[in-house]
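J.: Quick check, what structure comes out for this input:
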Amino acid sequence: MLRTLFIELFDLLLPPRATERVVRQLTLNELNGLGSNSLGDEGLPYHDPRITALIWELKYYGTARARALAGEYLGELLLAAAAEELGTPLLIPVPMHASRRRERGHNQTELLCKAALPYLNGAVEYAPKALARIVHTKTQQGLPKAERLNNVKNSMEADPELALGRACIVVDDVTTTGATLAEAKRALRACGARAVHTIALARS
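T.: Residues are numbered from 1 along each chain as shown. Below you'll find the model as predicted:
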């Protein structure tokens, strides 16, 4: 009761964003329902307003509610992917170039992976440094498919000391053409990764 009152008073002083209000009302059951109606492991439907709000809150604001909800949902997908491999696979967030990270203040795929870790029971090894973005590319949003592919080509490199002989699971927040995840797979394979799984929270 006191917590609800505090939130209401705080909202009067600093009204929440429209996307923040949507995410507050969003539940794990809703995400599971949307996931079962989307294309299998290809991600939640980004153009559903609830998923758009979730991604925006995660990507641009890194809010606690968005992290917790997305992390719990993603945890099940990661456990399923990890179960396909012998040994412990590496959990790798899609990397962000240092200059873009400075602009935004965080990498949303790192937030997503960290939020999922409590649900994984040691089934993966978190390896945020296994992949690096070595080219500061244009944002993929709004680019046509052919340009998306060229935009990210050879933009990443993997650490062979981490990737060699390992199964890897690469996580992104949203995928459209799959170009970013394909580039991550290429870089890891080039460094000797044994297998590379790719998972996106949402698909545009």
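J.: quick one, longest helix in this structure?
T.: Using DSSP state H, we find that the single longest helix of the chain is helix 64-82.
J.: What lies in contact with it?
T.: 20, 23-24, 26-28, 31-32, 35, 41, 44, 54, 57-58, 88-89, 91, 111-112, 114-121, 123-124, 169, 171, 197, 199, 201 (CB atoms under 8 Å, 6 or more residues apart in numbering). (Glycine included, C-beta is placed from N, CA and C.)
J.: what separates that helix from the chain centre, distance-wise?
T.: 9 Å (CA atoms, centre = their mean, to the nearest Å).
J.: what's the next secondary structure element after it?
T.: Next along the chain after helix 64-82, taking DSSP states H and E as the criterion, comes strand 90-93.
J.: In PyMOL, how would I select the buried members of the contacts of helix 64-82?
T.: Here is the PyMOL command that selects the buried residues among the contacts of helix 64-82 (16 or more other CB atoms under 10 Å):
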select buried, resi 20+23+26+31+35+44+54+57+58+89+91+111+112+115+116+117+120+123+124+169+171+197+199+201
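J.: Now, the contacts of helix 64-82 that are in helices?
T.: Among the contacts of helix 64-82, the members found in helices (DSSP H) are 20, 23-24, 28, 31-32, 35, 54, 111-112, 114-116.
J.: which one in these is the model shakiest on?
T.: Among those, Gly35 has the lowest pLDDT, at 86.
J.: ok, now which ones touch that residue?
T.: Counting by CB under 8 Å, 6+ apart, Gly35 has contacts 44, 73.
J.: one more time with 10 Å
T.: 41-45, 51, 73, 76-77, 201-202 (CB atoms under 10 Å, 6 or more residues apart in numbering).
J.: next one: Arg100
T.: 107, 133, 136-137, 139.
J.: Looking at the residues you listed, which is nearest Glu161?
T.: Among the contacts of Arg100, Arg133 lies closest to Glu161 (CB to CB), at 18.3 Å.
J.: so how far is Asn107 from that closest one?
T.: According to CB to CB, to the nearest Å, Arg133 and Asn107 sit 9 Å apart.
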